[in-house]
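**Student:** the sequence isn't on hand, but the structure is:
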């Protein structure tokens, strides 16, 4: 049995035109960052980078569905960046970041499920809010938001750019709105509550321990919450820990020579492309690229000691992932109790 799990862990799924999505995402993040590099505006790069995450959504969907879902993500990420910027301006401190990220994790989880966004979960929103809220806002707020908006719009345009080739055009029809039952909304509320509790618990532990960058723990904690089954959620949490540790080592090799900013931007483009090549095929492998990508984005926005940053990332990811996996297990136990309760009620009704 153990051999089977080990074999499964190292299995890389088949490619499904991943290079197409990876190219779109690489261009979406590369063009804004290169433009800001030419303008010497490093203070705006973090807003451009989070806006570029719009390109990740609608993967493999028809053009109409992709445009709708990317637009919905764009609105949600703009709200997150705005709230993060206000938090930075207020100098809320570590506990303010914990409280704000908890609120974002809960409310944005409901929004993601309502809009049926894929990839599921709130990892990009918690990361966006906490990362922006944790660094000083040195640019005017209107410039920061305009940069984020321009990056969102660019990613959406790139997302439907294949319509320029007639043979690649797909339907522009909007996706049908799903009809949610009371059971759906109950599950949405449970997942939102779990996401908020995961962020609050992990953020509290990280802050009490006294490690810097407490948001890494919160990001890792919410990562396993969204998933189709207990096995998939636990697997995602384990991949998160092991992939992050490997990614931290890669980040150390990349940041050790103290590369110039233009080299860091090129690294972001290559790492974004590589992450999208593997994120659906092997999550831990993708994290080997995602982890240095996130660290370099933070380094561009607020340069610090890379070694301290990497230690914080590794330790806090372990804290957060363990919190997330624990909550996933508790959610699974709740599901079992709920099924048993319904089975018992049906039996009583049949007996009556």
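**Tutor:** Perfect, I can see it now. Small disclaimer: the values here were computed from a predicted structure and weren't measured. Numbering: from 1, shown residues only.
**Student:** after the helix or strand of the chain with the lowest mean pLDDT, next one along is what?
**Tutor:** In the chain, the helix or strand scored least confidently by mean pLDDT, DSSP states H and E is helix 2-9, which has a mean of 60. Per DSSP states H and E, the first helix or strand lying C-terminal to helix 2-9 is helix 18-39.
**Student:** who does that following helix touch, helix- and strand-wise?
**Tutor:** With contacts taken as 3 or more Cβ pairs under 8 Å, 6 or more residues apart in numbering; DSSP states H and E, helix 18-39 sits against helix 45-52, helix 141-159, helix 261-278. No exception for glycine: its C-beta is placed from N, CA and C like everyone else's.
**Student:** and it, how far from the chain's centre?
**Tutor:** Computed by Cα atoms, centre = their mean, to the nearest Å, the chain-centroid distance of helix 18-39 equals 18 Å.
**Student:** if you count neighbours, what's buried in it?
**Tutor:** 18, 21-22, 24-37 (16 or more other Cβ atoms under 10 Å).
**Student:** what sits up against it?
**Tutor:** Helix 18-39 is contacted by residues 42, 44-45, 48-49, 51-52, 54-56, 59-60, 147, 150-151, 154-155, 158-159, 161, 261-262, 265, 268-270, 272-278, 280-281 when judged by Cβ atoms under 8 Å, 6 or more residues apart in numbering.
**Student:** list only those of those residues flagged as buried.
**Tutor:** Buried among the contacts of helix 18-39 by 16+ other Cβ under 10 Å: 42, 44-45, 48-49, 51-52, 54-56, 59, 147, 150-151, 154-155, 158-159, 265, 268-269, 272-278, 280.
**Student:** what about the helices in this protein?
**Tutor:** Taking DSSP state H, the helices of the chain run over residues 2-9, 18-39, 45-52, 63-90, 93-115, 123-134, 141-159, 182-209, 215-222, 230-255, 261-278, 283-301, 306-351.
**Student:** deepest-packed of these, please.
**Tutor:** helix 215-222 (a mean of 32; mean count of other Cβ atoms under 10 Å).
**Student:** what packs against that helix?
**Tutor:** Looks like helix 215-222 contacts helix 93-115, helix 123-134, helix 182-209, helix 230-255, helix 306-351 (3+ Cβ pairs under 8 Å, 6+ apart).
**Student:** at 10 Å what do you get?
**Tutor:** helix 93-115, helix 123-134, helix 182-209, helix 230-255, helix 283-301, helix 306-351 (3 or more Cβ pairs under 10 Å, 6 or more residues apart in numbering; DSSP states H and E).
**Student:** avg pLDDT for it?
**Tutor:** For helix 215-222, mean pLDDT rounds to 89.
**Student:** check stretch 319-333 too.
**Tutor:** Mean predicted confidence for stretch 319-333 is 83.
**Student:** next one: stretch 185-205
**Tutor:** 93.
**Student:** next one: it to chain centre, how far?
**Tutor:** 15 Å.
**Student:** of all the helices and strands packed on helix 18-39, which one is nearest residue 94?
**Tutor:** Smallest distance to residue 94 across these (Cβ to Cβ): 18.6 Å, for helix 45-52.
**Student:** tell me what angle the closest one forms with helix 283-301.
**Tutor:** Orientation check (axes from the mean of the first three to the mean of the last three Cα atoms, to 10 degrees): helix 45-52 against helix 283-301 gives 140 degrees.
**Student:** now helix 45-52: mean pLDDT?
**Tutor:** 94.
**Student:** quick check: residue 290 touching residue 247?
**Tutor:** Yes: at 6.5 Å, residue 290 counts as touching residue 247 under the criterion of Cβ atoms under 10 Å.
**Student:** need the residues touching each of these two.
**Tutor:** 271, 275 (Cβ atoms under 10 Å, 6 or more residues apart in numbering).
**Student:** one step back: any chance of the helices and strands packed on helix 215-222 in JSON lines, plus distance to residue 171?
**Tutor:** Output for these, formatted as JSON lines (distance: least, Cβ to Cβ, whole Å):
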{"stretch": "helix 93-115", "distance to residue 171": "19"}
{"stretch": "helix 123-134", "distance to residue 171": "26"}
{"stretch": "helix 182-209", "distance to residue 171": "26"}
{"stretch": "helix 230-255", "distance to residue 171": "30"}
{"stretch": "helix 283-301", "distance to residue 171": "29"}
{"stretch": "helix 306-351", "distance to residue 171": "36"}
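**Student:** which among the ones you listed is found nearest to residue 77?
**Tutor:** helix 123-134 (6.0 Å).
**Student:** thinking again about what came up before, now tabulate the helices of the chain in TSV and tack on distance to residue 174.
**Tutor:** Listed next are the helices of the chain as TSV, based on distance: least, Cβ to Cβ, whole Å:
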stretch	distance to residue 174
helix 2-9	38
helix 18-39	20
helix 45-52	23
helix 63-90	5
helix 93-115	12
helix 123-134	23
helix 141-159	14
helix 182-209	20
helix 215-222	29
helix 230-255	29
helix 261-278	25
helix 283-301	30
helix 306-351	32
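**Student:** least confident of those helices, on average?
**Tutor:** helix 2-9 (a mean of 60).
**Student:** what residues are up against residue 147?
**Tutor:** Applying Cβ under 10 Å, 6+ apart, the residues contacting residue 147 are 32, 35-36, 41, 43-51, 81, 139.
**Student:** distance of it from residue 75?
**Tutor:** Here the criterion is Cβ to Cβ, to the nearest Å. By it, residue 147 lies 16 Å from residue 75.
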